[in-house]
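> Fold the following, please.
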Amino acid sequence: MLDDFMMRALLAGLAVALATGPLGCFVVWRRMAYFGDATSHAAILGVALALGFQISIFVGTLIVALLMAMIVSVMAGRGWAMDTTLGVLAHSALAFGLVAVSFLPAVRVDLTAYLFGDILAVSRMDLAIILSGSALVLGMILWRWSALLTATLNEDLAHASGLSPARERMVLTLSLAVVVAVALKIVGALLIAAMLIVPAAAARNVARTPEVMAMFAVVIGGLSVWGGLQLSLWQDTPSGPSIVVVAALIFALFTFAAALVQKRPGR
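Model (predicted):
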């Protein structure tokens, strides 16, 4: 079964959707969209360093994503104006990564694959790494679900309950870094944030509880992967952007349906 490249691509995409679904909900609730951008854009710098030091792309990406996520988390804890700071960090990290790659003339790099993903090229080893990383993230989110939700809703309530908002923020930070590292192969650095945000934003239109929203986000992410792969196969479009296009269409459909329901008499 795993000899079929489309099956490997589908399994890899579904594994990432399992992790990005619940994690994306916290990104939406905490308004961390730019946080995801900064971490994902730093992945290109990780690719450049990995190629320069001849180490695994996954390891290089994970190290830089963790470093960027830790920097952003510390700055957020100290009360920095995060919108501007994250904008600077996100675009600077991407630019440094692109420039660093140009200093590697002996290495031929297809940056398009890292920027927009190449899910159809997922190997058995890539699939094993993606499955392991997604399982780790999903496990951390499930383990800390109640604490993360409490810290997200009200930090004072979290303190009163004996929880540490800083620790819960660190769990999200580590989870985000791992997701960026494993999703780079699938949707690329420029589209990782979309896979985190769009399914969760679509799920928010139909969910009434946090748990239902997380489950809907996983389902929408999985449908986006399947639909994007079908679109890519049918119309020969880039697979990563196709996945995000399907997710955006689902978001538009759910938003329109929610607006119609709200306009019904008696609502």
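
> Next one: Val245 from Leu196, what distance?
Applying C-beta to C-beta, to the nearest Å, the value for Val245 to Leu196 is 16 Å. C-beta coordinates here come from the backbone N, C-alpha and C atoms, glycine included.

> more neighbours, these two?
Leu196 (34 against 19; other C-beta atoms under 10 Å).

> Torsion angles phi and psi at that one?
Dihedral angles of Leu196 (phi, psi; degrees, to the nearest 10) stand at phi -80, psi -40.

> Quick check, it in contact with Gly24.
Yes - counting by C-beta atoms under 8 Å, Leu196 does reach Gly24; the two are 4.0 Å apart.

> Now the phi/psi pair for the nearest residue to Gly24 once chain neighbours are set aside, please.
Leaving aside its sequence neighbours, Gly24 sits nearest to Ala200 (C-beta to C-beta, 6 or more residues apart in numbering; 3.6 Å). Ala200 adopts backbone torsions of phi -70, psi -40, taken as degrees, to the nearest 10.

> again, but for Met32
phi -110, psi 30.

> Distance check, it against Cys25.
Going from Met32 to Cys25 by C-beta to C-beta gives 11 Å.

> Which one of the two is surrounded by more residues?
The neighbour count for Met32 versus Cys25, taken as other C-beta under 10 Å, is higher for Cys25 (30 against 26).

> who's in contact with that one?
200, 203, 210, 213-214, 217 (C-beta atoms under 8 Å, 6 or more residues apart in numbering).

> same thing but 6 Å
With contacts defined as C-beta atoms under 6 Å, 6 or more residues apart in numbering, Cys25 is in contact with 200, 213-214, 217.

> Can you say which of these are buried?
Among the contacts of Cys25, the ones that count as buried by 16 or more other C-beta atoms under 10 Å are 200, 213-214, 217.

> Just flag the most distant two among these.
Ala200 and Ala214 (8.1 Å; C-beta to C-beta).

> Using the three-state scheme, assign Leu104.
Under DSSP: H, G, I helix; E, B strand; the rest coil, the three-state class of Leu104 is coil.

> Could you report the separation of it from Ala177?
24 Å.

> neighbour-wise, which of those two wins?
Shown here are Leu104 and Ala177; by other C-beta under 10 Å, Ala177 has more neighbours (27 against 12).

> Check the gap between the more buried one and Arg8 for me.
From Ala177 to Arg8 the distance is 24 Å (C-beta to C-beta).

> about what we covered before: could you dump the buried ones among the contacts of Cys25 to a markdown table with pLDDT?
Output for the buried ones among the contacts of Cys25, formatted as a markdown table (pLDDT from 0 to 100):
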| residue | pLDDT |
| --- | --- |
| Ala200 | 95 |
| Met213 | 95 |
| Ala214 | 95 |
| Ala217 | 96 |
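
> Among these, which lie within helices?
Among the buried ones among the contacts of Cys25, the members found in helices (DSSP state H) are 200, 213-214, 217.

> how about the CA coordinates for the strand or helix carrying Val178, as PDB?
Secondary structure assignment for Val178, by DSSP states H and E: helix 165-187. The C-alpha trace of helix 165-187 is given here as PDB (Å, rounded to 0.1, in the frame of the first residue of the first chain):
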ATOM      1  CA  PRO A 165       0.000  30.100  31.800                       C
ATOM      2  CA  ALA A 166       3.700  30.400  30.900                       C
ATOM      3  CA  ARG A 167       4.100  26.600  30.900                       C
ATOM      4  CA  GLU A 168       0.900  26.100  28.800                       C
ATOM      5  CA  ARG A 169       2.200  28.700  26.400                       C
ATOM      6  CA  MET A 170       5.400  26.800  26.100                       C
ATOM      7  CA  VAL A 171       3.500  23.600  25.300                       C
ATOM      8  CA  LEU A 172       1.800  25.400  22.400                       C
ATOM      9  CA  THR A 173       5.200  26.800  21.400                       C
ATOM     10  CA  LEU A 174       6.800  23.400  21.200                       C
ATOM     11  CA  SER A 175       3.800  21.900  19.500                       C
ATOM     12  CA  LEU A 176       3.800  24.600  16.900                       C
ATOM     13  CA  ALA A 177       7.500  24.100  16.200                       C
ATOM     14  CA  VAL A 178       7.100  20.300  15.700                       C
ATOM     15  CA  VAL A 179       4.100  20.900  13.400                       C
ATOM     16  CA  VAL A 180       6.100  23.300  11.300                       C
ATOM     17  CA  ALA A 181       8.900  20.800  11.000                       C
ATOM     18  CA  VAL A 182       6.700  18.000   9.900                       C
ATOM     19  CA  ALA A 183       4.400  20.000   7.700                       C
ATOM     20  CA  LEU A 184       7.100  21.700   5.700                       C
ATOM     21  CA  LYS A 185       7.300  18.800   3.200                       C
ATOM     22  CA  ILE A 186       3.500  18.900   2.600                       C
ATOM     23  CA  VAL A 187       2.300  22.500   2.300                       C
END
